[in-house]
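> The amino acid sequence is not available; the structure is as follows:
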């Protein structure tokens, strides 16, 4: 099966019109997936002064700017929105996109923006407990005509979600790399699992952990779609890649990346695919390297779809 290819656009330090240009480019050039993130401040954190746009509003704009590519956010922080309201917002985007929505959900990690905007930043356990409740709330609203739920943090009382989703089943994806709870929650409740910026060896290991959790909860591991985001550090050739690597060495905060020439990128993508990835999204940070992006479309994409 061909590897699905996506573009992950962090909506910071970029003019909105330029971001919209990227989204249209992705939609018109055969990509499978387009995503954003859910942050109020820059990531990795600095001082909160980098320009950043809100996720739900951006996804609605993405839906209007595109026609073909599937759309997602990796990932919505469960602490920032009541899951019922989040489900209603996402239902609207499902309709605006004519059924191209994928929903990414996570426990949240960005301490500075929690504190700045008045959100409590609870323990890891509580954040994961909220995620576990929230994903059940959202799934119920998407799939049931009337929903009732009583948890410690969230509840539903004969709740309805109309109009109904365009898609028969809106995919829910849990993001993160926590082995004890996050991967377990993915196996229990989600259609997919996503992890950002992780090297090949660790990605392969965590895929094995996810397989184990699927077996423990009596789920076929093959029903779980796995995806990974990688920093886009590829150039049009090795010299261009070296320039990009040098200029952006301190921008990303470490982690897995797609670097080197287009041929080297092809080899890296194939290794991630062999390690279990059904989709790889390249993460683009401004300024956008348009020549490298075009080289990916012209040289890398065809090789991954032969």
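Structure's in. What do you need? What you are looking at is a predicted structure, and each value in this text was computed from that prediction instead of being measured.
> Look at residue 120 and give its secondary structure.
coil (DSSP: H, G, I helix; E, B strand; the rest coil).
> So it sits against residue 127, correct?
No - in this structure residue 120 lies outside contact range of residue 127 using CB atoms under 8 Å: 9.9 Å. Where you see a C-beta, it was placed from the backbone N, CA and C, and this is true even at glycine.
> neighbour-wise, which of the two wins?
Using other CB atoms under 10 Å, the more surrounded residue of residue 120 and residue 127 is residue 127, with 21 against 9.
> Show me the helices in this protein, by range?
Defined through DSSP state H, the helices belonging to the chain, from first to last, are 16-28, 55-65, 83-96, 111-116, 124-143, 182-189, 200-216, 238-247, 262-274, 290-295, 301-304.
> avg pLDDT for the second one?
I take that to be helix 55-65. Confidence over helix 55-65 (mean pLDDT, whole number) is 98.
> follow-up on the earlier one: which neighbours do residue 120 and residue 127 have in common?
residue 79 (CB atoms under 8 Å, 6 or more residues apart in numbering).
> chain center to the lengthiest strand in the chain: distance?
Of all the segments of type strand in the chain, defined by DSSP state E, the longest one is strand 225-234. Mean-position distance between strand 225-234 and its chain equals 10 Å (CA atoms, centre = their mean, to the nearest Å).
> and it, which strands flank it?
Paired neighbours of strand 225-234 in the sheet (DSSP bridges): strand 192-196 (parallel), strand 257-260 (parallel), strand 279-284 (parallel).
> among the helices of the chain, which is nearest residue 42?
Among the helices of the chain, the nearest to residue 42 by CB to CB is helix 111-116 (9.2 Å).
> got the buried residues for the closest one?
112, 113, 114 (16 or more other CB atoms under 10 Å).
> swap in stretch 61-71?
Applying 16+ other CB under 10 Å to stretch 61-71 flags 61, 62, 63, 65, 66, 69, 70, 71 as buried.
> Count the residues that sit near the closest residue to residue 163 other than its chain neighbours.
Of all residues not flanking residue 163 in the chain, residue 95 sits nearest, at 6.8 Å (CB to CB, 6 or more residues apart in numbering). Residue 95 has 15 neighbours, counted by other CB under 10 Å.
> and if you look at residue 23?
23.
> One more: residue 131?
27.
> pretty sure it is touching residue 188, no?
No - proximity of residue 131 to residue 188 does not meet the contact threshold set by CB under 8 Å, at 11.2 Å.
> now the residue nearest the centre of the chain, nearest residue through space, not along the chain?
Residue closest to the average C-alpha location in the chain (CA atoms, centre = their mean): residue 74, at 2.3 Å. Using CB to CB, 6+ apart and skipping residues adjacent in sequence, the residue nearest residue 74 is residue 104, 4.3 Å away.
> what's the most buried one of the helices of the chain?
helix 182-189 (a mean of 22; mean count of other CB atoms under 10 Å).
> Tell me where the model's unsure across this protein.
Scanning the chain for pLDDT under 70 picks out 250-254.
> picking that back up, what's near enough to touch the residue nearest to residue 163?
163, 165, 166.
> count of neighbours near the residue nearest to residue 155 when sequence neighbours are not counted?
In space, and not counting its chain neighbours, residue 155 is closest to residue 149: 5.9 Å by CB to CB, 6+ apart. Residues lying near residue 149 (other CB under 10 Å) number 18.
> OK, contacts around residue 149?
133, 136, 137, 140, 155, 156 are the contacts of residue 149 under CB under 8 Å, 6+ apart.
> Equivalent analysis for residue 84, please.
137, 141, 154, 156, 159.
> any idea how far residue 91 is from the last one?
Using CB to CB, to the nearest Å, residue 159 is found at 12 Å from residue 91.
> neighbours around the closest residue to residue 90 other than its chain neighbours, how many?
The shortest distance from residue 90 to any non-neighbouring residue, by CB to CB, 6+ apart, is to residue 103 (5.7 Å). Residue 103 has 28 neighbours, counted by other CB under 10 Å.
> Could you verify my assumption that residue 103 touches residue 170?
Yes - using CB under 8 Å, residue 103 is in contact with residue 170, at 6.0 Å.
> So for those two, which residues contact both of them?
Common neighbours of residue 103 and residue 170 (CB under 8 Å, 6+ apart) are residue 90.
> my read: residue 203 touches residue 275, true?
Yes - judged on CB under 8 Å, residue 203 makes contact with residue 275 at a distance of 5.5 Å.
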